[in-house]
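Engineer: below are the sequence and a predicted model; questions follow.
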Amino acid sequence: MVDDSSLSRHVVVAPGMCSGGSLIFGQIGDWTWESVAAACHTNVHAARTSEGQPAYLSFYYFHVRGGQVVHPHGLTFGDELQVTSRVFQFGGQSVITLHRLAPAGLGLADAPLDPAELYERPHPDCLYAENFNRWIARSRPSSNRQLSEVAPPDFSYSGLPRLPNSYSPRTLVGRARETGSFYSAAPPGLVAAGPAHTSEYELDVARDLNGAGLVYFASYFSIFDTALLRVWRSLGRGDEHFLRRKVVDQKVGYFGNADPGAVFTITVHRWHSVAQPRIEIADMAMRDSGTGRLLAVAGIEIDGDASYMDASP
Ligand code: YXS
């Protein structure tokens, strides 16, 4: 630990951490749990409510900003990273964790991560992640449909630094939840690209559930990517382009979980930049097909290859 709220680690990227899918997000999430456990002196991995029920430090909002060198799908085996993480208090039942994944060769100092760096002056080579986690427990033991906010009694957050209010993601996430989009107003400089696409996804119990029987937070990334890949294929874009995509910015808001047997309806709107056609945004909402309940919202900004971005309507 660098100080009471900060950790730094040297990481050699291994096969379980990198792909064109969601492995890197799962890895960052594990670092969040480890960081919170260390900074809050709480057994995050086996937490219990005061009634003795399992409590989970659930992901409510996951934001990643890709850099020129380190970006989510650009890592490969043997890459060396310096990962710096810092935990901030965010009320009595939630917490914000910030991470910087820097190329080890940059030799950045092992100092506590200043939130102004992530929100205002990011290093152009680094990947930054912002995790907003809320403690939850099941309201009914056998169902994921009704989760409620409950922190374990030993969750100790008062010693953590506070995130300046101006950086709080609450308003952004609240608006995404209200409107079903991170882009309720047209993003500046972007225009709608083609019609909306809607597809269905059947929850895959062989891939999507975690060891606690919840839909794994990283699976939401792959479920949204499955919907996006279908759209790209419908536009004639090859799978190799999809695997090469450079994610500049990705936001996921988690508003509900689901039980085995669930079917999701995913709507995808696309936007592209007028000035830079290679910049494209996918604006996605995932709803329970049976009830229409909003479960998650994602916004992905991709810096693509102009040759195939241009070709698509
Ligand atoms: O007071 P704030 O500003 O925080 O705002 C409140 C509400 O006002 C607002 N809100 C809404 N805003 C707009 N439109 C709405 N329809 C709406 N409804 C509520 O949202 C803030 C929170 O509302 P609140 O306090 O009533 O709670 P809730 O009903 O949203 O319940 C909270 C959760 C966390 C139980 C619920 O959002 C939820 O189930 N989220 C899904 C969590 C989840 O499944 N995460 C991903 C996978 S599980 C996980 O992470 C694992 C442990 S693991 O790592 O293994 O994958």
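Structural biologist: Yes, it's here.
Engineer: who's in contact with the closest residue to His99 other than its chain neighbours?
Structural biologist: Of all residues not flanking His99 in the chain, Ala129 sits nearest, at 4.3 Å (Cβ to Cβ, 6 or more residues apart in numbering). C-beta here means a position set from N, CA and C on the backbone, and glycine is covered the same way. Listed by Cβ atoms under 8 Å, 6 or more residues apart in numbering, the contact set of Ala129 reads Ile28, Phe62, His63, Val64, Arg65, Leu98, His99, Leu101.
Engineer: before we move on, what's the pLDDT of Ala129?
Structural biologist: On pLDDT, Ala129 comes in at 98.
Engineer: so it versus Ala282, what's the distance?
Structural biologist: Applying Cβ to Cβ, to the nearest Å, the value for Ala129 to Ala282 is 19 Å.
Engineer: show me the shaky parts of the stretch 201-313 of the chain.
Structural biologist: For the stretch 201-313 of the chain, the stretches with pLDDT under 70 are 306-313.
Engineer: residues in it within reach of the ligand, list them.
Structural biologist: Asn210, Ala212, Leu214, Val215, Tyr216, Phe217, Tyr254, Phe255, Gly256, Asn257 (Cβ under 6 Å from any ligand atom).
Engineer: which pair of those residues spans the longest distance?
Structural biologist: Farthest pair in those (Cβ to Cβ) is Ala212 and Phe255. Separation: 18.5 Å.
Engineer: looking at the two, which is more packed in?
Structural biologist: Comparing Ala212 with Phe255 by other Cβ atoms under 10 Å, the one with more neighbours is Phe255, at 18 against 11.
Engineer: for that one, which residues are in contact?
Structural biologist: Per Cβ under 8 Å, 6+ apart, neighbours of Phe255: Arg177, Leu294, Leu295, Ala296, Val297.
Engineer: wasn't the third one part of a strand?
Structural biologist: Yes: going by DSSP: H, G, I helix; E, B strand; the rest coil, the assignment for Leu295 places it inside a strand.
Engineer: and the nearest residue to it once chain neighbours are set aside, how far from Gly159?
Structural biologist: Setting aside the residues directly before and after it, Leu295 is nearest to Gly256 in space (Cβ to Cβ, 6+ apart), at 4.2 Å. To Gly159, Gly256 is 32 Å away according to Cβ to Cβ.
Engineer: next: Leu127.
Structural biologist: Applying Cβ to Cβ to Leu127 and Gly159 gives a distance of 28 Å.
Engineer: which of those two has more neighbours?
Structural biologist: Leu127 (27 against 11).
Engineer: so that one bridges to which residues?
Structural biologist: Note on Leu127: beta-bridge partners by DSSP bridges are Leu101.
Engineer: so what's the residue nearest to Leu295 up against?
Structural biologist: Arg145, Leu147, Asp288, Arg293, Leu294, Leu295, Ala296.
Engineer: confidence score at Pro141?
Structural biologist: Pro141 carries a pLDDT value of 88.
Engineer: skip the chain neighbours and tell me the closest residue to it.
Structural biologist: Pro141 sits nearest to Gln53 (Cβ to Cβ, 6+ apart), 7.5 Å away.
Engineer: looking at it, that neighbour is touching Arg140, isn't it?
Structural biologist: No: judged on Cβ atoms under 8 Å, Gln53 makes no contact with Arg140 at a distance of 10.6 Å.
Engineer: neighbour count: those two, which is higher?
Structural biologist: Gln53 (14 against 10).
Engineer: now do that one, the pLDDT please.
Structural biologist: Value listed for Gln53 in the pLDDT field: 96.
Engineer: quick one, phi/psi of it?
Structural biologist: Per-residue torsions, Gln53: phi -80, psi 150 (degrees, to the nearest 10).
Engineer: mind listing what Tyr220 touches?
Structural biologist: By Cβ under 8 Å, 6+ apart, the residues touching Tyr220 are Val252, Tyr254, Met286, Ala296, Ala298.
Engineer: state the helix or strand in which the third one lies.
Structural biologist: So the one you mean is Met286. Taking DSSP states H and E as the criterion, Met286 maps to strand 279-288.
Engineer: now that strand: buried residues?
Structural biologist: By 16 or more other Cβ atoms under 10 Å, the buried positions in strand 279-288 come out as Ile279, Glu280, Ile281, Ala282, Asp283, Met284, Ala285, Met286, Arg287, Asp288.
Engineer: quick one: secondary structure of the residue lying closest to the second one once chain neighbours are set aside?
Structural biologist: The reference is to Glu280. In space, and not counting its chain neighbours, Glu280 is closest to His272: 4.7 Å by Cβ to Cβ, 6+ apart. For His272, the assignment made with three-state DSSP gives strand.
Engineer: quick one: residues contacting His272.
Structural biologist: His272 sits next to Leu190, Val191, Ala193, Ile279, Glu280, Ile281, Met309 when contact means Cβ under 8 Å, 6+ apart.
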